[in-house]
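Peer 1: Pasting the sequence and the predicted model now:
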Amino acid sequence: MTDDPRTATIPAKATAPAQNAADPMQPFLASGEFVDSAHPAVVAYARREAGDATTPRDIAVRLYYAVRDGIRYDPYRIDLRPPGMTASRVLETGYGFCITKAALYAAALRVHGVPSRLGFADVRNHMTSARLRATMGTDLFAYHGYTDVWLDGRWVKATPAFNLTLCERAGTKPLDFDGLADSILQPFDLSGRRHMEYVQERGTFADLPLAEMIEVWDEIYPVTVEWKRGGPPQGDFEREVERPQ
């Protein structure tokens, strides 16, 4: 990955606005199919949650906590149909998972003219439940999503995935974000148990590369066929998540 937006590439198959040669940030400011920052609900949300913040960093921090704690993390309620993966759908339902919460955060930032993009990595997630392990068939989470935010001339990573109440139940320190340092998933929980391991980077994109992601998921997860229909499984991950003993 690169910290220079002028050399950041958008894979050909990714859904993204056309690049304006005169403005290398244009793809990271424009509304996309999934990072749908022009949607009226997203615009209203972004303006409300930013409050009286005026600087890009203050806006980014306010919006981060709004998405992190105001949207419930739920890996059971995944709908891989395109409308189900949009930022505006997250606001409609009130829940999301790492990818859709990252999309909402990115979209809200763009409302305020703060460049943003989606980043993806494969991780081994040890904050889970017996049912989720059985559903996924593995602890490998391919295309774990986070948000890259352009602040003070560089990209800063932010991960608004896990809400505070979920972290408290799981015995995991919630990820904070100050707009200065990267906020990425920590390797250990509060008890010193392995929490998250990064396996490989998948790159950064102006919008969600849904087709490529589904192609990978089809090879890994038996449940993908249900998610592509927008159907089960459903549950309550926050109730089921395992707390270290």
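Peer 2: Thanks, I have the structure now.

Peer 1: State the helix or strand in which residue 57 lies.
Peer 2: Residue 57 belongs to helix 56-70 when assigned by DSSP states H and E.

Peer 1: in that helix, what's buried?
Peer 2: The neighbour-count check on helix 56-70 (16 or more other C-beta atoms under 10 Å) flags 56-57, 59-64, 66-70 as buried. Where C-beta positions appear, they are placed from N, C-alpha and C, glycine not excepted.

Peer 1: any low-confidence regions in the chain?
Peer 2: Low-confidence segments of the chain, defined by pLDDT under 70, are located at 1-21, 126-129, 186-196, 231-236, 239-245.

Peer 1: check contacts around the most centrally placed residue in it.
Peer 2: Nearest residue to the geometric centre of the chain (C-alpha atoms, centre = their mean): residue 102, 2.4 Å. Applying C-beta atoms under 8 Å, 6 or more residues apart in numbering, one finds that residue 102 lies in contact with 118-119, 145-147, 159-161.

Peer 1: And residue 93, by the same measure?
Peer 2: The neighbours of residue 93, taking C-beta under 8 Å, 6+ apart as the test, are residue 77.

Peer 1: that older thread, what residues does the helix holding residue 57 touch?
Peer 2: Under the contact criterion C-beta under 8 Å, 6+ apart, helix 56-70 has outside partners 45-46, 49-51, 53, 101, 104-105, 108-109, 112-114, 149, 151-152, 158, 160-165, 174-175, 177-180, 183.

Peer 1: Filter the residues you listed down to the buried ones and hand me the ChimeraX line.
Peer 2: With 16+ other C-beta under 10 Å as the burial test, the buried ones among the contacts of helix 56-70 are selected in ChimeraX as follows:
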select :45,46,49,50,101,104,105,108,109,112,114,149,151,158,160,161,162,163,174,175,177,179,183
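
Peer 1: Helices of this structure, residue ranges please.
Peer 2: Here the chain has its helices, by DSSP state H, at 40-50, 56-70, 87-93, 98-111, 130-136, 164-170, 210-220, 224-227, 237-240.

Peer 1: tell me how far the second one is from the chain's mean position?
Peer 2: Just to be clear, that refers to helix 56-70. Relative to the mean C-alpha coordinate of its chain, helix 56-70 is positioned 13 Å out (C-alpha atoms, centre = their mean, to the nearest Å).

Peer 1: Kindly export that helix (C-alpha atoms) in CSV.
Peer 2: What follows is the C-alpha trace of helix 56-70 in CSV, where atoms were taken according to Å, rounded to 0.1, in the frame of the first residue of the first chain:
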residue,chain,number,x,y,z
PRO,A,56,-11.0,17.6,9.2
ARG,A,57,-9.4,15.8,12.2
ASP,A,58,-12.1,16.8,14.6
ILE,A,59,-14.8,15.8,12.1
ALA,A,60,-13.1,12.4,11.5
VAL,A,61,-12.9,11.7,15.2
ARG,A,62,-16.5,12.6,15.9
LEU,A,63,-17.7,10.5,13.0
TYR,A,64,-15.5,7.6,14.0
TYR,A,65,-17.2,7.2,17.4
ALA,A,66,-20.6,7.8,15.9
VAL,A,67,-20.1,4.8,13.6
ARG,A,68,-18.2,2.6,16.1
ASP,A,69,-20.8,2.9,18.9
GLY,A,70,-24.0,4.0,17.2
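
Peer 1: All set now, cheers.
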